[in-house]
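>>> okay, here's the prediction I keep looking at, along with the sequence it came from:
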Amino acid sequence: MISRGKKRSKEFDLELTAEAVNLIEEIGLKVSGADNRNIYDDGRSQKLSASEISDLTYDSTKASDIVETLITNSNTFHNKTEFSQEKYLKKKEKKYFEYIQILRPNLRIITEILYRLDSSKVQGIRIDTLSQIITLSNISNEGNHLLYDSGSNGLLAAALLSAMGSEAKGKLVHMHPGNMSQKQALLAMNFDSEQFNKCLSVNVYSALRQVYQGCDTHTQKETVLESECNLKRKATDEIEHEIKIPKLDDSQIPIKDHDTDESNVAKKKPKWHFDNIAASEVLKNKVDSLVIASKEDPQNIFLELLPFVKPGRQFVIYYTVAEPLQNLYMILKSTSNVAALRLTCNWMRNYQILPERTHPEVMMNGSSGFLLTGYVLK
Amino acid sequence: MSFRNYKEKIDEGDTVILYLCNNFFAIEVKPEIKNKKGELIENVYQTTFGALKVRNLIGSNYGSKVELSKGWGHILQPTPELWSLTLPHRTQIIYTPDISMILLQLDLVPGCVVVEAGTGSGSLTHALIRRVRPHGHVYTFDFHDHRAKVAQEEFQEHGLADFVTARHRDVLAEGFGDDLKEKADAVFLDLPKPWTGVPHAVAAIKNDGGRFCSFSPCIEQVQRTCLTLEQQGFQDISTMEVLQSEIKVSRKTVPVRDLSFLKHKKGTVQLVQVPRPTQSGPPIDLAADTLTQVSYDATVACDEDRSEANKPIIDRIPRANILNVATRISACMAADDVPKRMDLTPIEAPNTLAL
Ligand SMILES: C[S@@+](CC[C@H](N)C(=O)[O-])C[C@H]1O[C@@H](n2cnc3c(N)ncnc32)[C@H](O)[C@@H]1O
């Protein structure tokens, strides 16, 4: 990264480089102390003032120059042990970094970024738990899958869609309770449009109403739904109500066709209208896995969605705390439509691996929610 | 053939999973098997709940109930997870919590080419196959010729042969072979001395980068591997340990002791009523209420409180239903009880940008 020249400017130009310079190698450590007995943390070890340092950062072209000047003006650096000198340099390298890397997004990176930014925005789903949701739902390139997600910012949809792959044969029905589905992670994955369109994001009320009642009935009074519908949606209600729902299977719902083939009425039909119909077709033919990560109590959601899962298939329910899953566990135990119930939680730890300095890293956020898994019976 | 696609009905030749009383058993659906003398006899699978005539499974649905002579069980279609729990152990194996993390850390999606060594019992291999099929491929190596051969036969029987190639080879000595040069999106090692395999991994990984993961029980192995990875130009090296615990849920009824009535002299208080704690369990378990021992102890209040005289003083000792939760560490530890650690690394060859 090259500073745009102006002092105090936070703007940089980017330039390709074949190799990144390692600060520690560049500077080359000469003298170091045996231990830290002569180091005092009195804030006076650096002779340069804060403003001198900030000038330095804009005048220098290389991070190594900045850091070398800092070291030359430091009283204590040469007394530090080799290890803490290295640590110091690592810290400075981060502060005066000069390289950035552009990586292709993938599930691992997106999961880590979202969790690190604010784990509560992804319902605390940590990478280990997410990885198990994908395997325990036995999701693959094949089959249709059902997801109910009320607040992971699209992380679960991204995870399942990524495991289904770009040439997936089936669909992912992504149910959400709101007006719009959360798509942040889904969009961040840069899926091509073909893969992205495998995901049918539908409002859970609309989709189930479509399944049971056969046509959109937004005009009917329903208090729960009303509160979650925005005006735009309501405006289209009248129109939809009159339209006969064409029998479509999930592969033939391109909006384009309707735009050209049908009159202006069709033009006004939003994408979610078609997604809704497609989703209800998928549900009627039953799905090959069910994943639920809800903020609400999962019990009703699970019991309502269970009939759409084929016998013998897996389900996974995620919840941030154990109690609702314990209750559900006891309820399901007493019924005979699921088997092999397991309630689990995960623990994960990263390690710093360095010669002579290997140790566990500070524990990641202790809890990463709970999973209730099992198989659907006939 | 039951590993290849989602299936509704059981066919002859399928491997099925019998779920019985919290246990899983893998059964090959063959109506007849050979006995010790080499004669074909009826295939009867013995369970703790009696015999299962395997022939009767053919044509029934996955997820359905099967009659045993002294009870019943359920039949499930095998998944890589169920297979890890039921497969015949030829080596130590990797279990689902670690497998899940490995798949995610290796950035595997359908279409990827992944190289694995050693094959061992094929526990991880089945999960790798599911993730990369139908257009991807798993190349798996073991230097034990019998294990390599049995694994290949197993993949064949499971209907997975199109997605996997099992080879007999010492990968540390000979590498992964010229035909895999720059072909792999990811390389995984579960064998002793993984660091010696790192240069071979580099040779196998695609030119535009890929991921490497090794799974080791000892921290010393991890250290040497990390050093080698760094020397070989890997970036973003991380090491982690994953543990899954199962929470056992059961219902227990315990007594609740009331001490609050002691605050008042007997006779001066008209009514001491301890409200029953709100039930913590779901209503279906009301049957458990028969266990609730509520004892009424009525006394008539003294004269001054005539207005309340007929109300009994109630001393209630209700028993609440609480959910008892105990945590058990599941079997995801390595069999030798040493938690295994993995280190993971990409050599993505991204464009590095500089001043
Ligand atoms: C612990 S097992 C692998 C288990 C496997 N990951 C699973 O989940 O079933 C290790 C295997 O590596 C094989 N092995 C060890 N050294 C090897 C080498 N140099 N080349 C190929 N295979 C090797 C052993 O024969 C053994 O089967």
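Structure's in. What do you need? Numbering: from 1, shown residues only, chains lettered A, B, ... in the order given.
>>> the residue of the stretch 1-150 of chain A found nearest chain B - how many residues pack around it?
When scored by Cβ to the nearest Cβ, the stretch 1-150 of chain A has residue A:17 as its residue closest to chain B, at 3.3 Å. (Glycine included, C-beta is placed from N, CA and C.) A total of 14 residues lie near residue A:17 under the criterion other Cβ atoms under 10 Å in any protein chain shown.
>>> pretty sure it contacts residue A:101?
No: Residue A:17 sits out of contact with residue A:101 when judged by Cβ atoms under 8 Å, with a separation of 10.7 Å.
>>> need the pLDDT of residue A:273.
Per-residue pLDDT puts residue A:273 at 85.
>>> got it, and residue B:201?
The model reports residue B:201 with a pLDDT of 97.
>>> any idea whether the residue lying closest to residue A:127 once chain neighbours are set aside is helix, strand or coil?
Distance criterion Cβ to Cβ, 6 or more residues apart in numbering or on different chains; nearest residue to residue A:127, sequence neighbours excluded, is residue A:111 at 4.9 Å. The three-state label given to residue A:111 by DSSP: H, G, I helix; E, B strand; the rest coil is helix.
>>> now do the contacts for residue A:111.
Residues counted as contacts of residue A:111 (Cβ atoms under 8 Å, 6 or more residues apart in numbering or on different chains) are A:122, A:125, A:127, A:130, A:155, A:159, A:185, B:104.
>>> just curious, which of those residues is nearest to residue B:258?
If you rank those by distance to residue B:258 using Cβ to Cβ, residue A:125 comes first, at 42.4 Å.
>>> quick one, phi psi at the residue nearest the centre of chain B?
The centre of chain B sits closest to residue B:96, judged by Cα atoms, centre = their mean, with a distance of 4.3 Å. When read as degrees, to the nearest 10, the backbone of residue B:96 gives phi -50, psi -40.
>>> low-confidence ranges, the chain, go.
Picked chain A for this. A:2-10, A:21-34, A:39, A:60-61, A:97-98, A:216-268, A:363-366 (pLDDT under 70).
>>> try again with chain B
Applying pLDDT under 70 to chain B flags residues B:267-355.
>>> tell me how it divides into domains.
B:15-78, B:83-231, B:260-334 (automatic domain parsing).
>>> out of these, nearest to the ligand?
Closest to the ligand of the domains of chain B, according to Cβ to the nearest ligand atom: domain B:83-231, at 2.1 Å.
>>> neighbours of residue 93, how many?
This is for chain A. Around residue A:93 there are 20 other residues, counting by other Cβ under 10 Å.
>>> my question was about chain B
If we define neighbours as other Cβ under 10 Å, then residue B:93 has 20 of them.
>>> one more: residue A:72?
Residue A:72 - counted by other Cβ under 10 Å - has 11 other residues nearby.
>>> quick check: it vs residue A:50, distance?
According to Cβ to Cβ, to the nearest Å, residue A:72 and residue A:50 sit 17 Å apart.
>>> swap in residue A:303?
With Cβ to Cβ as the criterion, residue A:303 and residue A:50 are 62 Å apart.
>>> in terms of neighbours, single out the busier of the two.
Neighbour count, other Cβ under 10 Å: between residue A:303 and residue A:50, residue A:303 has more, with 14 against 8.
>>> what secondary structure does that one sit in?
Once three-state DSSP is applied, residue A:303 turns out helix.
>>> surely residue A:294 meets residue A:147?
No: checked against Cβ under 8 Å, the pair residue A:294 and residue A:147 is beyond contact range at 10.7 Å.
>>> higher neighbour count, the two?
Legend: neighbour count by other Cβ under 10 Å for residue A:294 and residue A:147, higher for residue A:147 (28 against 25).
>>> SS state for that one?
Classification of residue A:147 using three-state DSSP returns strand.
>>> quick check: it vs residue B:208, distance?
32 Å.
>>> now residue B:250
In terms of Cβ to Cβ, residue B:250 sits 53 Å off from residue B:208.
>>> equivalent analysis for residue B:12, please.
Counting by Cβ to Cβ, the gap from residue B:12 to residue B:208 is 46 Å.
>>> so where do the helices sit in the stretch 151-300 of chain A?
For the stretch 151-300 of chain A, applying DSSP state H, counting those that start in this stretch gives helices covering A:155-164, A:184-188, A:193-196, A:204-213, A:223-228, A:231-242, A:255-261, A:264-267, A:271-284, A:298-305.
>>> same deal with chain B?
Assigned by DSSP state H, the helices in chain B fall at B:80-86, B:96-105, B:123-132, B:145-157, B:171-174, B:198-204, B:219-231.
>>> what's the fifth one packed up against?
Yep, that's helix B:171-174 we're talking about. Packing contacts for helix B:171-174, counted by 3 or more Cβ pairs under 8 Å, 6 or more residues apart in numbering or on different chains; DSSP states H and E, involve no helix or strand.
>>> and what of the first one?
Helix B:80-86 sits against helix A:127-136, strand B:23-28, helix B:96-105, helix B:123-132, with contacts defined as 3+ Cβ pairs under 8 Å, 6+ apart.
>>> can I get the ones you listed in a markdown table including distance to residue B:58?
Converted to a markdown table, these look like this (distance: least, Cβ to Cβ, whole Å):
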| stretch | distance to residue B:58 |
| --- | --- |
| helix A:127-136 | 28 |
| strand B:23-28 | 12 |
| helix B:96-105 | 29 |
| helix B:123-132 | 23 |
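>>> and these: which comes nearest residue B:16?
strand B:23-28 (5.4 Å).
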